[in-house]
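Enquirer: Below are the sequence and a predicted model; questions follow.
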There are 2 protein chains.
Amino acid sequence: MATYIPDARSKGVRLAKRTQYDQDLVHGIINDTPILHVSFNAPPKDGPQFPTILPMLGSIDTYPEDEEAHIYLHGSSVARLFRLTQGDEVPLCIAGTILDGYVLALAPFHNSCNYRSAVVFGHGSMVEDEEEVQFALRSITNKANPNRWENSRSPPTKSELTSTGVLKVRIETASAKTRTGGPSDEKADLQNAEVVNNTWIGVVPTYLTLGEPVAGDGNKVKKVPEYLADWVADANSINEQKAIDAIDS
Amino acid sequence: MATYIPDARSKGVRLAKRTQYDQDLVHGIINDTPILHVSFNAPPKDGPQFPTILPMLGSIDTYPEDEEAHIYLHGSSVARLFRLTQGDEVPLCIAGTILDGYVLALAPFHNSCNYRSAVVFGHGSMVEDEEEVQFALRSITNKANPNRWENSRSPPTKSELTSTGVLKVRIETASAKTRTGGPSDEKADLQNAEVVNNTWIGVVPTYLTLGEPVAGDGNKVKKVPEYLADWVADANSINEQKAIDAIDS
């Protein structure tokens, strides 16, 4: 089981027992998170250094010429983050977080969430090779909507490629935290009959639901294609099951 | 309508038309987002400065003695971010992002998401006043689970208060971006019969679902209380409706 090597950036400080460095776990969380949060420092200015967070779409994948998986992010080639990386590498932190449930305890202090969270540190740089850009765009498209690349007008045109920036992030260290199970209360509260008899405790599972697809104005395809209907059905049953499973594990 | 004043941190660079500075919009998104992403710079070390992102629980609220709303975040008082702030202010970026749908276009280049996103910049410092700590903890608890504070064992004990850190973030600038509507395709694709006749286009709405509450091991309250049942029902109908409404607006 391959693991990332923790360093000052990724080492679990608190709740160390919940912190893991397993690569498969980190990669799975990154690819299961619909929207990633990416943080970078804009070039230093007067005053304190503020990081900036951008919500972005991305996927983790291994280019055939590489030995390791990288995170690919895409955006407009004129966006600030992409301009920053021109000819340079940028230090990035990327987080993927999935909420699996609200854990309700006798006292708010012990309320918690069931979740899966991955935080990755590495340098990002622009992908220049056109074949790798297409590999990344296909990966990002199909991570969000399985088989969509093959079932829509691809590959991109020259002008689409010019206006799209793809960042490739070399993962230097990463960690994952997960929380499962039910509430865990203080002995004093558990022995307090008034509290116990009046406070419902347990877990409210939460999961992302995909609704019925709604056709766009120019749509000419009468029936929702099977690959889309399957994606909706599969995602809904998998997401719900993960939230339920988290309670008992 | 109160607005934040954009500066170099928050000014929309790309998609400027989607960027708004309205305070109510920013506050609404922050409070509708179950998990916030918070970014800060650990103290400078050798090598490049890496920001760190933490997923955290928080709420935006106005303490009775204040004129303005602040973001309150809570965590362990020994966690790294909280140790950083001892006796000092820390520059923070806080993001809240809600996915409302996958927008599928004829070409992957025009695929998009319907979303609501807020990014806030400000300085965070520890709350020392015990009354304000309790105000913040109640606000964070009830934002996640309405009325839970009053329906569980509160206020916190002395030792619970000692081990909890509350950060108060003074908002200096902030912006929101939202995307609604269906796909918007290239003329060339729309006029290509083969593409149009074979590619389903539209929106797959997405929303967070709260499942049936699952009682914990020590639970003694037979029926799920009304305030919890109402929360589950309300959240589910509101979340779904927002995703559907986003398609037509």
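Expert: Cool, got the structure.
Enquirer: in chain A, which helix or strand is least confident?
Expert: helix A:80-84 (a mean of 78; mean pLDDT, DSSP states H and E).
Enquirer: ok, then the element right after it?
Expert: Note on helix A:80-84: by DSSP states H and E, the next helix or strand toward the C-terminus is strand A:90-104.
Enquirer: For that following strand, which strands pair with it and how are they oriented?
Expert: strand A:36-41 (antiparallel), strand A:112-126 (antiparallel), strand A:202-210 (antiparallel) (DSSP bridges).
Enquirer: now the longest one, how far from the chain's geometric center?
Expert: Spelled out, it's strand A:112-126. Once both centres are worked out by Cα atoms, centre = their mean, to the nearest Å, strand A:112-126 turns out to sit 7 Å from its chain's centre.
Enquirer: hmm, who's touching the helix or strand just after it?
Expert: Next helix or strand after strand A:112-126 toward the C-terminus (DSSP H and E): helix A:130-144. The list of residues contacting helix A:130-144 from outside it, by Cβ atoms under 8 Å, 6 or more residues apart in numbering or on different chains, reads A:31, A:34, A:57-59, A:61, A:63-65, A:72-74, A:127, A:148-149, A:154-156, A:161, A:164, A:166, A:168, B:102, B:108, B:111. The C-beta positions use only the backbone N, C-alpha and C, and glycine is treated the same way.
Enquirer: what does stretch A:54-74 give?
Expert: For stretch A:54-74, the surrounding residues in contact (Cβ under 8 Å, 6+ apart) are A:23, A:27, A:30-31, A:35-40, A:75, A:81, A:94, A:120, A:122, A:124, A:127, A:132, A:135-137, A:139-140, A:143-144, A:164-171, B:95, B:97, B:113, B:115, B:117, B:119.
Enquirer: buried stuff in it?
Expert: A:54-61, A:63, A:69-74 (16 or more other Cβ atoms under 10 Å in any protein chain shown).
Enquirer: Highest mean neighbour count out of the strands paired with strand A:90-104?
Expert: Comparing the strands paired with strand A:90-104 by mean neighbour count (mean count of other Cβ atoms under 10 Å in any protein chain shown), strand A:36-41 ranks first with a mean of 25.
Enquirer: Can the helix or strand hosting A:H27 be said to contact chain B?
Expert: Assigned by DSSP H and E, A:H27 belongs to helix A:23-32. No: Helix A:23-32 is not in contact with chain B by Cβ under 8 Å from any Cβ of the partner chain; minimum separation 11.2 Å.
Enquirer: mind listing what's buried in that helix?
Expert: In helix A:23-32, counting by 16+ other Cβ under 10 Å, buried: A:Q23, A:L25, A:V26, A:H27, A:G28, A:I29, A:I30, A:N31, A:D32.
Enquirer: How much space separates the last one from chain B?
Expert: A:D32 sits 13 Å away from chain B, taking Cβ to the nearest Cβ, to the nearest Å as the criterion.
Enquirer: Report how many residues lie close to the nearest residue to that residue once chain neighbours are set aside.
Expert: With sequence-adjacent residues excluded and distances taken as Cβ to Cβ, 6 or more residues apart in numbering or on different chains, A:D32 is closest to A:I98, at 6.0 Å. A:I98 has 23 neighbours, counted by other Cβ atoms under 10 Å in any protein chain shown.
Enquirer: any idea how far stretch A:94-111 is from the chain center?
Expert: Its chain's C-alpha centre and that of stretch A:94-111 lie 17 Å apart, by Cα atoms, centre = their mean.
Enquirer: what about dumping the CA coordinates of it to PDB?
Expert: The C-alpha trace of stretch A:94-111 is given here as PDB (Å, rounded to 0.1, in the frame of the first residue of the first chain):
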ATOM      1  CA  ILE A  94      -5.800  21.400  -2.800                       C
ATOM      2  CA  ALA A  95      -8.600  20.100  -0.600                       C
ATOM      3  CA  GLY A  96     -11.400  17.700  -1.300                       C
ATOM      4  CA  THR A  97     -14.100  17.200   1.300                       C
ATOM      5  CA  ILE A  98     -17.100  15.000   1.400                       C
ATOM      6  CA  LEU A  99     -19.800  15.300   4.100                       C
ATOM      7  CA  ASP A 100     -21.300  12.000   5.000                       C
ATOM      8  CA  GLY A 101     -23.400  12.900   8.000                       C
ATOM      9  CA  TYR A 102     -24.200  15.100  11.000                       C
ATOM     10  CA  VAL A 103     -23.400  13.400  14.200                       C
ATOM     11  CA  LEU A 104     -25.600  14.700  17.100                       C
ATOM     12  CA  ALA A 105     -24.500  14.100  20.600                       C
ATOM     13  CA  LEU A 106     -26.000  14.800  24.000                       C
ATOM     14  CA  ALA A 107     -23.900  18.000  24.300                       C
ATOM     15  CA  PRO A 108     -23.000  20.300  21.300                       C
ATOM     16  CA  PHE A 109     -19.300  20.000  22.300                       C
ATOM     17  CA  HIS A 110     -19.500  16.300  21.100                       C
ATOM     18  CA  ASN A 111     -21.500  17.100  17.900                       C
END
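Enquirer: What residues of the least confident helix or strand of chain A count as buried?
Expert: Buried-residue list, helix A:80-84, by 16+ other Cβ under 10 Å: A:R80, A:L81, A:F82, A:L84.
Enquirer: What is the nearest of the residues you listed to A:Y227?
Expert: A:F82 (31.0 Å; Cβ to Cβ).
Enquirer: Do you know the pLDDT at the closest residue to the closest one other than its chain neighbours?
Expert: Computed as Cβ to Cβ, 6+ apart, the closest residue to A:F82 that is not its neighbour in sequence is A:G165, at 3.8 Å. We have a pLDDT of 92 for A:G165.
Enquirer: Check A:A16 too.
Expert: pLDDT, A:A16: 68.
Enquirer: longest helix of chain A?
Expert: Criterion DSSP state H: the longest helix present in chain A is helix A:226-248.
Enquirer: by contact count, what packs against it?
Expert: Under the contact criterion of 3 or more Cβ pairs under 8 Å, 6 or more residues apart in numbering or on different chains; DSSP states H and E, helix A:226-248 touches strand A:90-104, strand A:112-126, strand A:202-210, strand B:202-210.
Enquirer: Could you list the residues in contact with that helix?
Expert: By Cβ under 8 Å, 6+ apart, helix A:226-248 touches A:98, A:100-101, A:114, A:145-148, A:151, A:180-182, A:203, A:205-213, B:104, B:200, B:204, B:209, B:211, B:214.
Enquirer: Tell me the buried residues in that helix?
Expert: Taking 16+ other Cβ under 10 Å as the criterion, helix A:226-248 shows A:L228, A:W231, A:V232, A:A235, A:N236, A:N239, A:E240, A:K242, A:A243, A:I244, A:A246, A:I247 as buried.
Enquirer: same deal with stretch A:86-99?
Expert: Residues of stretch A:86-99 classed as buried by neighbour count (16+ other Cβ under 10 Å): A:V90, A:P91, A:L92, A:C93, A:I94, A:A95, A:G96, A:T97, A:I98, A:L99.
Enquirer: Including pLDDT, could the residues you listed go into TSV?
Expert: TSV is the format used below for these (pLDDT from 0 to 100):
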residue	pLDDT
A:V90	91
A:P91	92
A:L92	95
A:C93	96
A:I94	97
A:A95	98
A:G96	98
A:T97	98
A:I98	98
A:L99	98
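Enquirer: hang on, the earlier thing: mind listing which of the buried residues of stretch A:54-74 are in strands?
Expert: Applying DSSP state E to these, the entries found in strands are A:54-61, A:70-74.
Enquirer: Having no further points to raise, I will conclude here.
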